[in-house]
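Student: curious how this folds, go ahead:
(one chain, ligands or ions: 2)
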Amino acid sequence: MIKLSNVSKYYNSGANVVLGLRKINLEFNKGDFVAITGESGSGKSTLLNVISGLDSYEDGEIYFNGQPTSHYDQCDWEEYRKNSIGFIFQNYNLIDSYTVLENVLAALLIKGYEKSEAKIKARKIIAKVGLTDKEKNRASQLSSGQKQRLSIARALAKETDVLIADEPTGNLDVENGNQIIELLYEISKEKLVIMVTHNFDEVKDYATRKIRMYDGEVQSDIVLEKNLKNIGTKPEECDAKNEKKCTIKQINNKKTAWEFALLNIKSQPKKVILLFVFLLFTAFSSYIFLGGLLSNIDDTTAKTFSYSAFYNGSNKRISVRKPNGDEMTDEDIAWLNNVDKVVGVDKYDLASDMCYAYRKDIDYKKFYHTKEFFDDDSEKPTDSYIVFLNYNNYIMSSNLLNKDNLSCGELPKDINEVVISSNNKELLGTTIKFYLSCQKEWPKDKYIEKDMKVVGLVNSNSGQVYFSDKLTGMMAATAYQKERYFCYVNKYRRKAEGVVNYSINDELEGTDAKLSYKMYNIIGYIPTNRSSMAIKSNIMKNDPYFKTSCIDLNILDSFKRTSETSLDVDYDVFNESSATIIEVNSETFYKMYKDIAEQVTVYIEDYAYADKVYDTIIQKGYEAVIPYKMGSINYSKEKVRARLVTLLISFSALLIIFFLEVLIIKSLLKYKKGDFVIFKLIGMNNKIVSYINYFELLVYQLFAIVCSMVIVWILCLNNVTYIINIFKYYKLSHYIIYVVLNVLVLLILGNSYNKYLKKNFSITSLSDN
Ligand code: ADP
Ligand code: MG
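Tutor: Ligands and ions are numbered 1, 2, ... in the order given. Model (predicted):
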């Protein structure tokens with residue numbers, strides 16, 4: 001069965017060559033119970049290791065079942081160890097964390113048995129060595145004798161014809177030792193058992209052959225009289241028949257590895273938790289720092305906003321229109337409202353660039369001066385005007401609100417109604433003067449004044465005011481229109497002209513119009529016989545005499561000119577709007593302007609989602625711009641620096657975390673090395689070992705990733721602002737990057753650990769344990 005012919009073995013220890021075996025010639029056959037004796041260092045273990053393929057030989061040839069083995073490569077030896085040799089060690093080499101059943105199961109799984117089948121088989125073998133009542137105990141909880149019996153059970157599970165035992169009784173007392181010998185003797189009836197012992201007496205009743213080693217050579221080889229001593233019952237014959245039915249499938253490495261990975265996770269809870277906690281730490285912190293990186297990838301944050309194109313550079317604003325300039329209908333708006341992360345759609349985008357002032361000394365300051373054309377100082381009327389202190393209160397319409405947003409009151413319907421942000425309920429129902437302006441198109445001192453009634457309150461301290469659709473529509477309509485006015489002495493003689501803005505005042509009837517004070521000042525010299533004014537719409541700008549496009553306005557005529565230098569003026573007629581504002585009613589107003597929304601403003605939850613929402617809108621076929629991005633042109637030194645610092649910190653933190661992960665987890669894994677050496681000793685191939693590591697790590701890692709996400713989710717639910725600000729930047733692709741990154745690091749880790757295992761696999765690494 002096994003034949004050694006002139007086998008020699010040398011050890012290279014440094015410069016010296018130590019002789020292990022010299023020209024050994026031996027032959028072993030089935031049914032033999034070979035006892036190898038000899039002094040310590042005589043080469044007994046070396047002989048066994050060479051026979052069992054745990055160690056190489058330099059010279060001669062070993063024949064196994066007649067086939068030479070000297071040409072075997074690493075794979076062949078793995079196969080040989082797995083299929084041909086069962087081992088029993090002096091120090092048992094059990095997986096301590098596994099139960100008795102699992103230890104035997106391991107050997108069967110490595111052989112390729114199905115788990116369920118393997119379990120049945122394992123129980124039978126355990127019964128054979130008398131450990132049935134210890135089946136569920138961990139190997140570490142067994143006594144020495146039980147451990148060695150388990151080790152024999154495991155060797156039996158391999159169903160090899162050869163069983164090799166290196167001083168199996170070395171750590172046992174006499175009684176336990178005898179039981180083991182008896183067990184081996186029983187086994188030897190069907191197999192070849194080769195056993196090393198330094199105490200031949202214990203086997204003298206059983207051994208069929210005695211080999212004595214001395215200094216790496218066979219000193220004597222005696223065939224003993226066949227021992228007829230019959231101990232215990234014969235091994236069950238039926239097993240041999242049953243076993244033939246069991247089909248050992250072509251071993252599926254991945255499946256086997258998976259079984260082992262689960263077995264390991266189940267049997268080593270403390271180690272698993274330790275590993276998991278660390279992986280959780282890295283998964284969580286990499287989640288955070290990747291978020292830090294992502295939230296700074298957009299370099300718009302490093303730029304300053306310039307008001308060249310848009311005045312309202314809110315980073316939550318996206319302006320949307322149709323490519324052909326058609327009206328944005330209610331369906332369009334409804335669709336936009338339904339886009340994920342959109343908080344509201346303001347129907348009239350142009351008004352979003354216009355501003356308002358209403359809080360005295362916060363938004364504006366009021367000044368007075370005497371009207372210059374009253375020379376006589378008896379009754380000097382004072383002309384007041386305001387100066388905006390703040391051009392950043394942008395007009396928003398109540399489209400963005402619904403009834404639930406209000407703490408009390410109603411949504412504004414009429415042009416004179418507003419909802420303001422305030423907690424002060426007393427403001428409800430009061431009238432406040434508002435000043436509206438368009439800083440982009442209008443001169444700085446030009447504004448429309450309106451008395452507005454507070455009809456609702458929003459519980460917020462943002463100061464934001466929400467106007468009616470009517471008002472935002474009106475503002476949007478006039479935003480970029482530069483209407484000219486002309487005053488005529490008669491049909492052919494123009495007296496005055498200029499740029500005018502119209503404003504709606506529905507208290508006016510028909511074509512009645514109310515002029516601003518300054519307007520009056522300009523047209524103050526209209527002859528008393530003429531109180532109407534030709535109003536031109538934009539299109540007809542170049543043809544002031546085209547009558548049909550003109551609307552004759554009836555200027556409320558409360559002033560009378562009595563001479564070239566003095567006027568009677570009823571000041572109540574004038575509104576406080578600055579410069580050239582003419583108030584007309586809606587009907588007249590919309591004869592001049594289109595009442596359609598061509599461009600709408602989409603407000604998003606956060607700038608983090610700007611690109612995502614933008615892409616969705618563009619894909620639907622709209623035109624869109626993100627004013628904040630468009631207007632942010634110039635880099636600001638400080639902002640660039642701050643951004644770079646954040647990027648650098650996040651990036652290096654990520655690197656450090658991953659580096660630490662590889663380093664620490666690898667050293668945590670090293671304590672598992674012993675188990676893998678044992679697996680390999682009992683025939684597990686390198687592939688399975690690698691897979692086990694990858695699978696185990698993968699399970700921990702994925703679990704850690706899921707846990708980090710859950711933790712972040714909980715933190716976000718609890719309004720931890722810092723976390724929220726980071727995680728809103730995560731998009732689906734970023735989650736994928738995050739998972740891939742973490743899994744990649746884990747693969748690197750697994751790979752380096754597997755390399756380490758490969759390099760450090762040797763029998764000596766076992767005796768170190
Ligand atoms: P024993 O009969 O006690 O089992 P061994 O077979 O272990 O003896 O050792 C036989 C000889 O080979 C001894 O001289 C030992 O020092 C040497 N030897 C065994 N293993 C190694 C090794 N890995 N490297 C160098 N020398 C070794
Ligand atoms: Mg030895």
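Student: now do the helix or strand in which Leu275 is found: which elements does it pack against?
Tutor: Using DSSP states H and E, Leu275 sits in helix 269-294. Judged by 3 or more Cβ pairs under 8 Å, 6 or more residues apart in numbering; DSSP states H and E, the packing partners of helix 269-294 are helix 637-670, helix 686-717, helix 721-727, helix 732-759. For the C-beta atoms, the positions are set from N, CA and C on the backbone; glycine is no exception.
Student: hmm, Asp512 and Asn554 touching each other?
Tutor: Yes. Between Asn554 and Asp512 there is a contact under Cβ atoms under 8 Å: 5.0 Å.
Student: how about the helices in the stretch 401-550 of the chain?
Tutor: For the stretch 401-550 of the chain, the helices defined by DSSP state H, counting those that start in this stretch cover 469-478, 517-522.
Student: select from those helices the stretch with the lowest mean pLDDT.
Tutor: Lowest mean pLDDT within the helices of the stretch 401-550 of the chain: helix 517-522, a mean of 60.
Student: now the element after the least confident helix or strand in the chain by mean pLDDT, going C-ward?
Tutor: Lowest on mean pLDDT, DSSP states H and E among the helices and strands of the chain sits helix 238-245, with a mean of 40. Counting by DSSP H and E, the element after helix 238-245 in chain order, helix or strand, is helix 253-267.
Student: mind putting the helices and strands packed on helix 269-294 into TSV with mean neighbour count?
Tutor: As requested, these are exported to TSV (neighbours: other Cβ atoms under 10 Å):
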stretch	mean neighbour count
helix 637-670	15
helix 686-717	18
helix 721-727	16
helix 732-759	16
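Student: any chance of those helices in CSV, with distance to Val339 too?
Tutor: Below are those laid out as CSV (distance: least, Cβ to Cβ, whole Å):
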stretch, distance to Val339
helix 637-670, 28
helix 686-717, 21
helix 721-727, 20
helix 732-759, 16
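Student: the ones you listed: lowest mean pLDDT?
Tutor: helix 721-727 (a mean of 85).
Student: got the contact list for that one?
Tutor: Helix 721-727 has contacts (Cβ atoms under 8 Å, 6 or more residues apart in numbering) with Ile288, Gly291, Gly292, Leu294, Ser295, Val712, Leu715, Cys716.
Student: got the CA coordinates for that helix in PDB?
Tutor: Output in PDB follows, covering the C-alpha atoms of helix 721-727 (Å, rounded to 0.1, in the frame of the first residue of the first chain):
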ATOM      1  CA  THR A 721     -28.100  68.600  12.000                       C
ATOM      2  CA  TYR A 722     -24.400  67.700  11.300                       C
ATOM      3  CA  ILE A 723     -25.300  64.300  10.200                       C
ATOM      4  CA  ILE A 724     -28.300  65.500   8.100                       C
ATOM      5  CA  ASN A 725     -26.200  68.100   6.300                       C
ATOM      6  CA  ILE A 726     -23.700  65.400   5.300                       C
ATOM      7  CA  PHE A 727     -26.100  62.700   4.200                       C
END
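Student: distance check, Tyr502 against Ile737.
Tutor: Using Cβ to Cβ, to the nearest Å, we find Tyr502 at a distance of 54 Å from Ile737.
Student: mind listing what the residue of the stretch 401-550 of the chain found nearest ligand 1 touches?
Tutor: Per Cβ to the nearest ligand atom, Ser462 is where the stretch 401-550 of the chain lies closest to ligand 1, at 78.6 Å. With contact set as Cβ under 8 Å, 6+ apart, Ser462 has these partners: Ser421.
Student: list the buried residues in stretch 614-633.
Tutor: 614, 616-617, 622, 624-632 (16 or more other Cβ atoms under 10 Å).
Student: can you count the residues close to Val17?
Tutor: For Val17, the neighbour count with other Cβ atoms under 10 Å is 11.
Student: any low-confidence regions in the stretch 301-450 of the chain?
Tutor: Of all residues in the stretch 301-450 of the chain, those with pLDDT under 70 make up the ranges 369-383.
Student: can you confirm Asn91 is in a helix?
Tutor: No. Read with DSSP: H, G, I helix; E, B strand; the rest coil, Asn91 is coil and lies in no helix.
Student: distance of the residue lying closest to Asn754 once chain neighbours are set aside relative to ligand 1?
Tutor: Once flanking residues are discounted, Asn754 sits nearest to Ser690: 4.5 Å by Cβ to Cβ, 6 or more residues apart in numbering. Separation of Ser690 from ligand 1 (Cβ to the nearest ligand atom, to the nearest Å): 26 Å.
Student: give the full set of residues in contact with Ser690.
Tutor: Counted by Cβ under 8 Å, 6+ apart, Ser690 has contacts Ala257, Gly750, Asn754.
Student: and for the nearest residue to Ala153 once chain neighbours are set aside, the neighbour number?
Tutor: Leaving out its chain neighbours, the residue that sits closest to Ala153 by Cβ to Cβ, 6+ apart is Val129, at 4.4 Å. Each residue near Val129 was counted by other Cβ under 10 Å, and the total is 25.
Student: so which of the helices and strands packed on helix 269-294 comes closest to Gly31?
Tutor: helix 686-717 (33.0 Å; Cβ to Cβ).
Student: quick one: distance of that closest one to the chain centre.
Tutor: Centre-to-centre, helix 686-717 and its host chain are 13 Å apart (Cα atoms, centre = their mean, to the nearest Å).
Student: kindly report the same for stretch 194-211.
Tutor: That offset, for stretch 194-211, works out to 64 Å (Cα atoms, centre = their mean).
Student: buried ones in that stretch?
Tutor: Ile194, Met195, Val196, Thr197, Glu202, Val203, Tyr206, Ala207, Thr208, Arg209, Lys210, Ile211.
Student: quick check, nearest of those to ligand 1?
Tutor: Taking the buried residues of stretch 194-211 together and measuring to ligand 1 by Cβ to the nearest ligand atom, the closest member is Val196, at 6.8 Å.
Student: the closest residue to Leu427 other than its chain neighbours: what's it in contact with?
Tutor: In space, and not counting its chain neighbours, Leu427 is closest to Val454: 5.2 Å by Cβ to Cβ, 6+ apart. Listed by Cβ under 8 Å, 6+ apart, the contact set of Val454 reads Gly409, Val418, Val419, Ile420, Leu427, Leu428, Gly429, Thr430, Thr431, Ile432.
Student: how about 7 Å then?
Tutor: Val418, Ile420, Leu427, Leu428, Gly429, Thr430, Ile432 (Cβ atoms under 7 Å, 6 or more residues apart in numbering).
Student: could you save the residues you listed as TSV and add columns showing distance to Ala122 and neighbour count?
Tutor: Shown next, in TSV, are these (distance: Cβ to Cβ, whole Å; neighbours: other Cβ atoms under 10 Å):
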residue	distance to Ala122	neighbour count
Val418	81	23
Ile420	79	24
Leu427	82	13
Leu428	81	18
Gly429	86	10
Thr430	87	11
Ile432	86	16
